[in-house]
Each structure stands twice: as C-alpha cells, then as structure tokens.
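Chemist: Here is a sequence together with a model predicted from it:
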Amino acid sequence: MRRVAGLRREELAQLAGVSIAHYTRLEQGRSDSVSDEILDAVGAALRLDNDELSYLRRIARRPAPCAAGSSQVPPNLRYLLESFVLTPALVVGRHTQIVGWNRLAVGVFGDFPALPDERRTFSHLLFTEPATRELHSTGWERAAREHVAHLRVLLGRYRGDSALAAHIEGMREVSADFDRLWAEHSVARLRSRTCVLQHPTVGELTLHGELTAL
C-alpha cells in the first residue's frame, strides 16, 4: 500500500521516457545541459501548465548572473503615474517592493508610503499589515495565494538575485501564513485579477488590476 500520494521517481522517469539516473541528476540539480525536450517530457508527466513548465526550465539550469534591480522610478514614468487621476497605479520592483505610486493608490490601499522602505512591499502589506487583510476581507486568502505563486515565478526568473531570495526567507520568518503558502510550491504568473475590497471609508470597491512589465 502506498503511504504518500503521487508518482515514485521510477514511475515518473518511465512516464517521461528518461533513465532513472538521468532523472535523479535532474532532481538534484546536476543536469545543467538537460535539453528542453527532456524537460518538456517531465513537465508532461507531471501535468505542468505553462507557468510551471517555464519555472522548471529555469531552475533546471545554472542561474545566469543577475543585475541588481533598480528602486528608482524614471521621471517620465512618475509623470505617467500622476496622470492617472481616476485609477490607482503602482510601480512594483522584482521582490514586490512598491517604488512608485499615485495619490489614488494611497487612498485605496492605505498609507503604505509611511512604512519603512524595507517593509514597503506587497508581501509585507498582505501578510503583516492587519489593515490590508481587512481591506481584502474574504478575498484575502486568494490574494495571498496568488501573490506567493507569483513570487515563485520571480524566484525562477531572477535566481541570481540575492535580495529576492532574502526577501522570501525574511517573509517565511515573520509570517506563518506566508510560510504555509510557500510550502505548497505553487507557481503561477500574476497577469490580471479582479478583486473586491471592503474600503473603510467608501465601502465595497471592485477593482480590475493589470500587471504590466516595463
């Protein structure tokens, strides 16, 4: 009788059409030259979606040197932010730090500019700020789960970024909820979402958000 759910290593290797020795090296991160064909076969055996397969391809290979992310918002982008008078808008860095915003974003999401720089991140807002949890109300679990899954996408994309890795480890230490969701190993790029917020002043707000890479 099987004690745990899922495929055994031998079964997965057979389904993917690779040797057990080759799959074991892949599992241990020792197959830097593995082909996309083999990774696609493993992904098909695991029934990975596109985001999960992209993550597998990134972590299966040695990380490339990663330049530090910038926390400066170019003047033209800052002007664009301020031009949105009917839409809350934010500029977010690679480890969810909020580096730019307009007045309406502060009005909707609270006085996050007053937070110390190291805590002015979406991760900290969602997992350590009670006001943000109350703002999301019954939708908080979904928002938190999507956020953590997107962070894992970023970790695969920027594997050489020590600040991103430190951010994730720091969040696991300060939030049991973050640690719980991180342990689920969900991988999903956040592109757009609709959320219902319970604003303390204006009541219920339904917002549709788009995440655009610059």
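Modeler: All right, it came through fine.
Chemist: And the lowest-mean-pLDDT helix or strand in the chain, what does it pack against?
Modeler: Of all helical and strand segments in the chain, the minimum by mean pLDDT, DSSP states H and E falls on helix 20-27, at a mean of 74. Packing partners of helix 20-27 (3 or more Cβ pairs under 8 Å, 6 or more residues apart in numbering; DSSP states H and E): helix 9-16, helix 36-46. In this view, the C-beta of every residue, glycine as well, is placed from N, C-alpha and C.
Chemist: please redo it, this time with the cut-off set to 6 Å
Modeler: On a contact count with 3 or more Cβ pairs under 6 Å, 6 or more residues apart in numbering; DSSP states H and E, helix 20-27 meets helix 9-16.
Chemist: Quick one: mean pLDDT over the helix it packs on.
Modeler: If you average the pLDDT over helix 9-16, you get 78.
Chemist: Identify all contacting residues around that helix.
Modeler: Helix 9-16 has contacts (Cβ atoms under 6 Å, 6 or more residues apart in numbering) with Ile20, Tyr23, Ala41, Val42, Ala45.
Chemist: Quick check: which ranges of this structure have low pLDDT?
Modeler: 1-7, 28-33, 62-71, 214 (pLDDT under 70).
Chemist: What segments of it are strands?
Modeler: 90-92, 98-101, 192-199, 203-210 (DSSP state E).
Chemist: Strand partners (parallel or antiparallel) of the last one?
Modeler: Same thing as strand 203-210. With DSSP bridges as the test, strand 203-210 is paired with strand 192-199 (antiparallel).
Chemist: and the partner strand, how far from the chain's centre?
Modeler: Put simply, strand 192-199 sits 18 Å off its chain's centre (Cα atoms, centre = their mean, to the nearest Å).
Chemist: Give me the buried positions along it.
Modeler: Cys195, Leu197 (16 or more other Cβ atoms under 10 Å).
Chemist: ok, now which ones touch Leu125?
Modeler: Contacts of Leu125 by Cβ under 6 Å, 6+ apart are Thr132.
Chemist: sorry, back to before: is it possible to mark the buried ones in the contacts of helix 9-16?
Modeler: With neighbours counted using 16+ other Cβ under 10 Å, these contain these buried positions: Tyr23, Ala41, Val42, Ala45.
Chemist: Mind putting the strands of the chain into a markdown table with distance to Glu169?
Modeler: Output for these, formatted as a markdown table (distance: least, Cβ to Cβ, whole Å):
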| stretch | distance to Glu169 |
| --- | --- |
| strand 90-92 | 20 |
| strand 98-101 | 20 |
| strand 192-199 | 26 |
| strand 203-210 | 27 |
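Chemist: so which of those comes closest to Ser83?
Modeler: Closest approach to Ser83 among those is made by strand 98-101 (12.7 Å; Cβ to Cβ).
Chemist: Could you name the helices and strands sitting against the closest one?
Modeler: Using 3+ Cβ pairs under 6 Å, 6+ apart: strand 98-101 touches strand 90-92.
Chemist: The strand it packs on pairs with which strands, parallel or anti?
Modeler: As assigned by DSSP bridges, strand 90-92 forms pairs with strand 98-101 (antiparallel).
Chemist: how far out from the middle of the chain is the strand it pairs with?
Modeler: Worked out by Cα atoms, centre = their mean, strand 98-101 lies 17 Å from the chain centre.
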